[in-house]
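Novice: Next come a sequence and a model predicted from it.
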Amino acid sequence: MPSHENQITDTRAPNTGHGLFMLSADDIYLFNQGSHFQLYDKMGAHIVSEGEFPGVHFAVWAPNARQVSVIGNFNNWDKFSHPLQPAESSGIWTGWVPDLEHGTVYKYHIESMHNGYQVEKTDPFGRYFELAPQTASIVWDLDYTWADDTWMAERRKRPADRSPVSVYEVHIGSWRRIPEDGDRFLTYVEMAKPLTDYVMAMGFTHVEFLPVMEHPFYGSWGYQTLGLFAPTSRYGTPQDLMILIDHLHQNGIGVILDWVPSHFPSDEHGLVFFDGTHLFEHEDPRQGVHPDWKSILYNYGRNEVRSFLISSAHFWLDKFHADGLRVDAVASMLYLDYSREPGEWVPNAFGGRENLQAISFLRRLNESVKQHHPDVLMIAEESTAWPMVSRPSHLGGLGFDMKWDMGWMHDTLEYMGKDPVHRSYHHGKLNFRMMYAFTENFMLPLSHDEVVHGKGSLIRKMSGDDWQRFANLRLLLACMFAQPGKKLLFMGCEFGQWREWNHDTSLDWHLLDGPIHAGLKRWVADLNRLYRDEPALHRHDFSPEGFRWIDCNDHIHSTLSLIRFGEEPGQEIIGVFNFTPLPRHNYRVGVPAAGFWKELLNSDAENYGGSGQGSLGGVEANPVPSHGFRNSLNLVLPPLGAVFFKQEGVP
């Protein structure tokens, strides 16, 4: 059996001791302090030449290991051939292995100081992994020449709170497949042009990808992440993902990535029980295991874990030019008793249910991101009434830019599923949102979560026969675009896919051969165009000065009417919504100015699959007082329809 001694030193290369040329004393100090947020440049595997000799430098955190070694094809997976050395008392093991190069397959063999535990682990900082179900890491550089300088420069000039943000949520593995080639995934590169062309044609401002980080189980859609620094190899190399993002940027489309710092799967090759101890997670299962997902919860109280996670956030922003991160499952991080019964959780130091360590972590995360990338979006998927999620940390908030409005989503979908004959009794589901709409910076999501696990597709949530379902969905989307808040729509919902989303198959693109599906798609594109072109619909999404109800209490007729305000007089947009299948003739709506009000969009237009009823392109305001205004419009409201108006002659 080979000896442990001197196996890492090559006589041709200078001896660098413990490989500390990659890790300075400051690096080690900041890592152990929880304040090193660019660990991706220091930890993991890096191609580094010592003089004229090529090789790879390795660094892995395993403070409770007796011995750590690098294993792979290059040494026949021999755990004795290439041992690493401890870097002082940091808990980090480092070393340089000569003659290794880009593409080398490797793992870490860890022998713990506790109970003789030995295990082979994937690199927590690995940049590229073998294709699942294989689990080894691959030495990989991130060299790439970006061509999105214009986008990155312009991004800094567009404050998100005053700009249109309409997000198309995409799962890469099932957006579109190639049936003639075994129904395989599109690669990142194959997806670049068709996705970009589609998103541009539809008018969305951003794409949001369900997690692209490496995950062992495809059916988790990426939410059971193990490679926080590695794009999944299912769709190509890291550079291939860069090509996809770059192409979107060059065509004016932003990219938001879902990111999961809340939990990780328990696969043995991953982070769990990493060095024979609960290193990344809590030891107590009441703190360390998620009761619903059976996944493992990060220990935010450990400094090195904070450095690890925040470095991951910076990695995707720095190396992949992401324009934002949507942070998953924030509610599960904030509450110690999340989805737990009494006695199944451990109170904080003050006896409360708030996870003080997670709160501190989230604040530090957002502070750090904003310090280095003030122009990116940090979006919280937070489903409770936790206060000030999207308020600055120095004011006591969590520091996010936006929060998903889950309450609006659930209330509105419940309402739209009811037969119109009963809707007058549930009118509060429509107007309650404006009681809290400006307490946070909200994004209105119709997301993937609502079209899986037996919930049915979005179109099937609508009430009525097929024609009414499509009319209802056009009406729902009109309400979303009319209300304050940024927008998000999951793929397939924009053309009314009947089938519940299935991650194993492509979207049902053939449905667009049917006129009613194509009409819905045109409606979404025109809503996006209106939202982007009209300042009133996006400049004050987070401010009450941009919104006023005209009438939110007409429950008898199940209608709503509202005004959105721009920055200049005359930019006002009027939206009126009829939630019954009966057309409303002579329906009077107060308006803030006299003159002709042009009908900008009508969801009942035949072009969208409607019946063609409405106000014939516009209405002259009458000097008839209504709703507190001196002038009003006498409208024809189409059945299950939405209409938008703007005063003619105003740019």
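Specialist: Ah, there it is. For clarity, every value in this text was computed on a predicted model and none was experimentally measured. Residues are numbered from 1 along each chain as shown.
Novice: Just give the nearest non-adjacent residue to Y117, would you?
Specialist: Counting by C-beta to C-beta, 6 or more residues apart in numbering, G276 is the residue found nearest to Y117 once chain neighbours are left out, at 3.7 Å. Every C-beta, even on glycine, is put in place using the N, C-alpha and C of the backbone.
Novice: Remind me which helix or strand the one you found belongs to.
Specialist: G276 is part of no helix or strand, with elements assigned from DSSP states H and E.
Novice: now do L430
Specialist: Using DSSP H and E, L430 sits in helix 428-431.
Novice: how about that helix: buried residues?
Specialist: 429-431 (16 or more other C-beta atoms under 10 Å).
Novice: do the same with stretch 235-253
Specialist: Of the residues in stretch 235-253, those with enough neighbours to count as buried (16+ other C-beta under 10 Å) are 235-250, 253.
Novice: Then stretch 360-374?
Specialist: 361-366, 368-370, 373.
Novice: of those residues, closest to H215?
Specialist: Distances from the buried residues of stretch 360-374 to H215 were compared by C-beta to C-beta; the smallest belongs to L365, at 20.9 Å.
Novice: re the thing from before, next, count neighbours for the residue nearest to Y117.
Specialist: Using other C-beta atoms under 10 Å, the number of residues around G276 comes to 20.
Novice: re earlier: can I get the buried residues of helix 428-431 in CSV including pLDDT?
Specialist: Shown next, in CSV, are the buried residues of helix 428-431 (pLDDT from 0 to 100):
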residue, pLDDT
K429, 97
L430, 96
N431, 96
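Novice: my guess is the residue nearest to Y117 contacts H114, does it?
Specialist: Yes. Taking C-beta atoms under 8 Å as the definition, G276 is a contact partner of H114 at 4.5 Å.
Novice: shared neighbours, those two?
Specialist: Common contacts of G276 and H114, defined by C-beta atoms under 8 Å, 6 or more residues apart in numbering, comprise N64.
Novice: one step back: out of the buried residues of helix 428-431, which is nearest to S626?
Specialist: Among the buried residues of helix 428-431, N431 lies closest to S626 (C-beta to C-beta), at 18.6 Å.
Novice: where does this structure dip in pLDDT?
Specialist: The chain contains residues with pLDDT under 70 at 1-21, 650-651.
Novice: How about the top helix by length along it, which residues are buried there?
Specialist: Ordering each helix of the chain by length in residues (DSSP state H) puts helix 515-533 first. Applying a neighbour-count criterion of 16+ other C-beta under 10 Å, the buried positions in helix 515-533 are 516-524, 526-528, 530-532.
Novice: which helices and strands sit right next to it?
Specialist: Helix 515-533 makes packing contacts with strand 166-170, helix 188-202, helix 466-482, strand 596-602 when contacts are defined by 3 or more C-beta pairs under 8 Å, 6 or more residues apart in numbering; DSSP states H and E.
Novice: Identify, out of those, the most deeply packed stretch.
Specialist: strand 166-170 (a mean of 24; mean count of other C-beta atoms under 10 Å).
Novice: and the angle from it to helix 466-482?
Specialist: Between strand 166-170 and helix 466-482, the angle comes out at 130 degrees (axes from the mean of the first three to the mean of the last three C-alpha atoms, to 10 degrees).
Novice: And strand 166-170, what does it pack against?
Specialist: helix 188-202, strand 206-209, strand 486-490, helix 515-533.
Novice: can we see that at 6 Å?
Specialist: In terms of contacts (3 or more C-beta pairs under 6 Å, 6 or more residues apart in numbering; DSSP states H and E), strand 166-170 is packed against strand 206-209, strand 486-490.
Novice: Could you say which of those strands is packed most deeply?
Specialist: For these, average neighbour numbers computed from mean count of other C-beta under 10 Å are highest in strand 486-490, which has a mean of 26.
Novice: So what touches that strand?
Specialist: For strand 486-490, contacts defined as C-beta atoms under 6 Å, 6 or more residues apart in numbering pick out 165-167, 169, 443-448, 480.
Novice: Dump those into JSON lines; add distance to V289 as well.
Specialist: JSON lines is the format used below for the contacts of strand 486-490 (distance: C-beta to C-beta, whole Å):
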{"residue": "V165", "distance to V289": "36"}
{"residue": "S166", "distance to V289": "38"}
{"residue": "V167", "distance to V289": "32"}
{"residue": "E169", "distance to V289": "29"}
{"residue": "M443", "distance to V289": "30"}
{"residue": "L444", "distance to V289": "33"}
{"residue": "P445", "distance to V289": "28"}
{"residue": "L446", "distance to V289": "31"}
{"residue": "S447", "distance to V289": "26"}
{"residue": "H448", "distance to V289": "25"}
{"residue": "M480", "distance to V289": "37"}
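Novice: Tell me which two of these sit farthest apart.
Specialist: Taking C-beta to C-beta, the two most distant members of the contacts of strand 486-490 are V165 and H448; they sit 18.0 Å apart.
Novice: Of those two, which one has the most company?
Specialist: Between V165 and H448, V165 has the larger neighbour count (other C-beta under 10 Å), namely 26 against 21.
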